[in-house]
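[1] predicted model and sequence below, questions to follow.
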Amino acid sequence: MKNMNPQEKLLKPQELAEKLGISRHTVLRLAKQQKIPCQRLGTKIIRFEWEKVCKILYGNSDDKTEQLPHP
């Protein structure tokens, strides 16, 4: 794992869901389907890096205004 800036916080699924405007269930489903990057910290703990998720979803980390469509 790269050295993280101390201000780069790992987000819980609920925190990421709120930032993206989607449900926690959708975040977990996307992670399980490997559509968004995540870090597993044990068998039940999962965390997300905001910048990495944005790069995957939006192509860059600057465009954070778009919302994911609800399935």
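    Great, that's in hand.

[2] which stretches of this protein form strands?
    10-11, 39-40, 46-49 (DSSP state E).

[3] Arg29 is nearest to which of those?
    Proximity to Arg29, assessed across the strands of the chain by C-beta to C-beta, is greatest for strand 46-49 (11.8 Å). The C-beta positions use only the backbone N, C-alpha and C, and glycine is treated the same way.

[4] so what touches that closest one?
    Here strand 46-49 makes contact (C-beta atoms under 8 Å, 6 or more residues apart in numbering) with 4, 8, 10-13, 16, 27-28, 31, 36-41.

[5] which of those are buried, as a ChimeraX select command?
    Only the buried entries of these go into this ChimeraX selection, using 16 or more other C-beta atoms under 10 Å:
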select :10,11,13,16,27,28,31,36,38
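
[6] nearest to Tyr58, of the contacts of strand 46-49?
    Nearest to Tyr58 among those: Ile36, at 11.3 Å, using C-beta to C-beta.

[7] buried stuff in stretch 15-24?
    Buried, per 16+ other C-beta under 10 Å, within stretch 15-24: 15-17, 20, 22.

[8] point out where this protein drops to low pLDDT.
    Applying pLDDT under 70 to the chain flags residues 1-7, 60-71.

[9] just the helices from it, written as ranges.
    For the chain, the helices defined by DSSP state H occupy 13-20, 24-32, 50-58.

[10] next, the angle from the first one to helix 24-32.
    In this structure, helix 13-20 runs at an angle of 100 degrees to helix 24-32, with axes from the mean of the first three to the mean of the last three C-alpha atoms, to 10 degrees as the basis.

[11] packing partners for helix 13-20?
    helix 24-32, strand 46-49, helix 50-58 (3 or more C-beta pairs under 8 Å, 6 or more residues apart in numbering; DSSP states H and E).

[12] could you look over these and pick the most buried one?
    Ranked by mean neighbour count under mean count of other C-beta atoms under 10 Å, the helices and strands packed on helix 13-20 are led by strand 46-49, which reaches a mean of 20.
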